[in-house]
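K.L.:
Task: produce atomic coordinates for the following.
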Amino acid sequence: MRNRLSLWILLCLVCLAGVNSLWGQDAQAPVTTVTYAGKFVVKFTITVNSAIAATNKIACTVSASVLDAGTANNINETAGNSVVRGSGSTVVCTATLPYSWSLATGTIDKVNLSYIIQAPVLVGTGGSAYPIRLSGQSIGSISVPANGTTTNYSLTPTI
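P.N.:
Have a look, this model is predicted:
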């Protein structure tokens, strides 16, 4: 009887030790991330073919999105600016989008860039100003820029 009890205790200890080592296999090391900071500067030279009053503002907006494959973190950033339409046939508007992203797989992740041009720009309360003109497109998909990089684009949209 004593041998059976000793054998039973030994068997339980072996099983417990085996299960304990299996639990350790499920644990994953924390994901290491690297910070990528910089800015996108987009200069829009906008051709105005729509009926927009000279006193109205035209907005230019740039957006960046990146899906970090290492963390499954989806990051979206948007920045914009506005300028008065004026009387000319073209308007220059520059949007600067600063960013700082912690990415686990920044060397293989892609940044998707797009823009929107809108006129008129309405601020505050009150009725809408018509006609409203909105135009947007993809700028493209690029690799995540190196840390500290300023990435410049010059676009020539028409509204």
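
K.L.:
list the buried ones in whichever strand or helix holds residue 62?
P.N.:
Counting by DSSP states H and E, the element that carries residue 62 is strand 57-68. Using 16 or more other CB atoms under 10 Å as the burial criterion, the residues of strand 57-68 that qualify are 57, 58, 59, 60, 61, 62, 63, 64, 66, 67, 68. From N, CA and C alone the C-beta is placed, and that goes for glycine too.

K.L.:
What's the local residue count around residue 28?
P.N.:
6 (other CB atoms under 10 Å).

K.L.:
related to what we said a few turns ago, quick check, nearest of the buried residues of strand 57-68 to residue 108?
P.N.:
residue 68 (9.8 Å; CB to CB).

K.L.:
and the closest residue to that closest one other than its chain neighbours, what is it in contact with?
P.N.:
Excluding the flanking residues, the one nearest residue 68 by CB to CB, 6 or more residues apart in numbering is residue 103, at 4.7 Å. Taking CB atoms under 8 Å, 6 or more residues apart in numbering, we find residue 103 in contact with 33, 34, 35, 36, 66, 68, 70, 71, 73, 109, 144.

K.L.:
Does anything pack onto the strand holding residue 62? Which helices or strands?
P.N.:
strand 34-47, strand 73-84, strand 90-103, strand 110-119 (3 or more CB pairs under 8 Å, 6 or more residues apart in numbering; DSSP states H and E).
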